[in-house]
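Visitor: Next comes the sequence, and after it the predicted model I'd like to discuss.
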Amino acid sequence: MAYIVLMADLFDNAAAAPAADVPPSNRPGPLADRLRPASLDDVIGQGHLLGPDGALRVMLEGALPSLVLWGPPGVGKTTIARLLADRAGLHFVQISAIFTGVADLRRVFEMARNRRANGQGTLLFVDEIHRFNKAQQDGFLPYMEDGTITLVGATTENPSFELNAALMSRAQVLVLQRLTLRDMELLTQRAEAELGAKLPLDGPAREVLQEMADGDGRALLNLVEQVAGWGATKRVDRDMLAARLQRRAAQYDKSGDSHYNLISALHKSVRGSDPDAALYWLARMLKGGEDPRYLARRVTRMAVEDIGLADPQAQGICLQAWETYERLGSPEGEQAIANAVLYLALAPKSNASYSAYKASMKQAGETGSEPPPMHIRNAPTKMMKDQGYGSGYAYDHDQVDGFSGQNYFPDGMKRPVYYVPVDRGFERELGRRLDWFVEQRAKRGKG
């Protein structure tokens, strides 16, 4: 892993002073609080929102609308909300949906109404806003509509899943991004300036420290404080750092947005025939604590949907991997699932049978109760035979080439084509067989 030396001039929205030229600060409190930006220009990261043409910069030219800030932990949602209140001249009130009840909200709204009567607006920042239920979310609407509050909600969950439509229609959703390694280096430089000393880390260890924070600025500053507190007199390398600090657990919610994003990444990597990427996303989900049985089921679905008849063995291999996991358990059984993922990624791909099935289901719903033609109806009784059930049926095994070419669709229905094999894998052979049947049907005039 190459160590990346990053200078402050790589950033458009902030500047870092050299740590060696800045005396240590005597301000009390955690490093994260001491480094809280005093203006939007000091915020690290989120250039797509806070840059010269960023969405928030444009919004501040007029009346600030209600917002939902969606992003991972430690990227500045609370800080941005405070700074927006300062820029817009609004009184800042912060609550958490975890600790706030209906009575608390009523008091907040009443105080905001009083401020408004005195000419002072209120920016109400609601942390973890997705924790409020639908009725509580609806309670904000009248106060947003009459201008009593400007709502800024913060959430780590996908708002389209967690917030109701009425609230979403009255607020703009802004997506905040996890901090990059460049952002983390700038934040480290600022921390060193505040502490008045460089961290006792060599280049690779410095990069590992930033990676340990996993895009979370608050987590990085906590790690920096720990390292600075060691009082090391010689440089710490990456192995010593890893021994002293525990890597932060990856962000993964087995029932949230991250879950669906990662399984989508795994599925698309398999579909895209990239075994290394597929293994990476599989490992990310397993490391996050995903149930291997869920992965075994989804991997089997990939075989059905994306490999299909191009490799008929694929589905069986997935089922064997699933059964192997059930017999071996974790962690040995997870290797069987990894084997299946690799097989699928390298298998020939076809969604022809998947597409054919969906098309047939669609038309079956449209044609209603059209009966089969008389010659292929069941005729268990004499009365039914007298009515013509089964009359004229040609038994294919009695034909010279084992193919009668009769029509098996409802009378009067135009013959559809659902299944179009691809020219890959075993499905190439199926395509040749299908072509022969089509040709014979046309020759016999019974297509």
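Guide: Now that the structure is in, tell me what you want to look at.

Visitor: Contacts only, for residue 392.
Guide: For residue 392, the contacting residues are 374-375, by CB atoms under 8 Å, 6 or more residues apart in numbering. Where C-beta positions appear, they are placed from N, C-alpha and C, glycine not excepted.

Visitor: go with 7 Å
Guide: By CB atoms under 7 Å, 6 or more residues apart in numbering, the contact list for residue 392 reads residue 375.

Visitor: All further residue positions should be reported with the first residue as 801.
Guide: Sure thing, new numbering starts at 801, so read that last one as residue 1192.

Visitor: so it sits in a helix?
Guide: No: counting by DSSP: H, G, I helix; E, B strand; the rest coil, residue 1192 is not part of a helix but coil.

Visitor: Roughly how far does it sit from residue 1175?
Guide: 4 Å (CB to CB, to the nearest Å).

Visitor: quick one: residue 871 and residue 957, what's the gap?
Guide: Distance of residue 871 to residue 957, given as CB to CB: 10 Å.

Visitor: what about the two, which has more around it?
Guide: Neighbour count, other CB atoms under 10 Å: between residue 871 and residue 957, residue 871 has more, with 21 against 18.

Visitor: Look up the closest residue to the more buried one, ignoring the ones flanking it.
Guide: Nearest residue to residue 871, sequence neighbours excluded (CB to CB, 6 or more residues apart in numbering): residue 976, at 2.9 Å.

Visitor: Pull up the gap between that neighbour and residue 992, please.
Guide: 25 Å.

Visitor: Could you do residue 981 as well?
Guide: 16 Å.

Visitor: Look at those two and report which has more neighbours.
Guide: Neighbours were counted for residue 981 and for residue 992 using other CB under 10 Å; residue 992 has more, 21 against 14.

Visitor: pretty sure that one belongs to a strand, no?
Guide: No: going by three-state DSSP, the assignment for residue 992 is helix, not a strand.

Visitor: Thought residue 1006 was touching it, still the case?
Guide: No: proximity of residue 992 to residue 1006 does not meet the contact threshold set by CB atoms under 7 Å, at 10.4 Å.

Visitor: Please identify every residue contacting each of these two.
Guide: Joint contacts of residue 992 and residue 1006 (CB under 7 Å, 6+ apart) are residue 999.

Visitor: Just want the most central residue of the chain.
Guide: Centroid check for the chain by CA atoms, centre = their mean gives residue 1061 as the closest residue, at 2.4 Å.

Visitor: What pLDDT is listed against it?
Guide: Looking at residue 1061, its pLDDT reads 87.

Visitor: who does the helix or strand hosting it touch, helix- and strand-wise?
Guide: Counting by DSSP states H and E, the element that carries residue 1061 is helix 1057-1071. Counting contacts by 3 or more CB pairs under 7 Å, 6 or more residues apart in numbering; DSSP states H and E, helix 1057-1071 is packed against helix 1075-1087, helix 1092-1102, helix 1132-1146.

Visitor: neighbours of residue 984, just the number please.
Guide: Neighbours of residue 984 (other CB under 10 Å): 27.

Visitor: helix or strand for it, which one?
Guide: Judged by DSSP H and E, residue 984 forms part of helix 981-995.

Visitor: Report all helices and strands that the helix or strand just after that helix contacts.
Guide: For helix 981-995, the following helix or strand on the C-terminal side (DSSP H and E) is helix 1003-1012. Helix 1003-1012 sits against helix 981-995, helix 1017-1029, helix 1038-1044, with contacts defined as 3+ CB pairs under 7 Å, 6+ apart.

Visitor: now the last one, how far from the centre of its chain.
Guide: Spelled out, that is helix 1038-1044. 31 Å (CA atoms, centre = their mean, to the nearest Å).

Visitor: for stretch 887-897, same thing?
Guide: On CA atoms, centre = their mean, the centre of stretch 887-897 falls 30 Å from the chain's centre.
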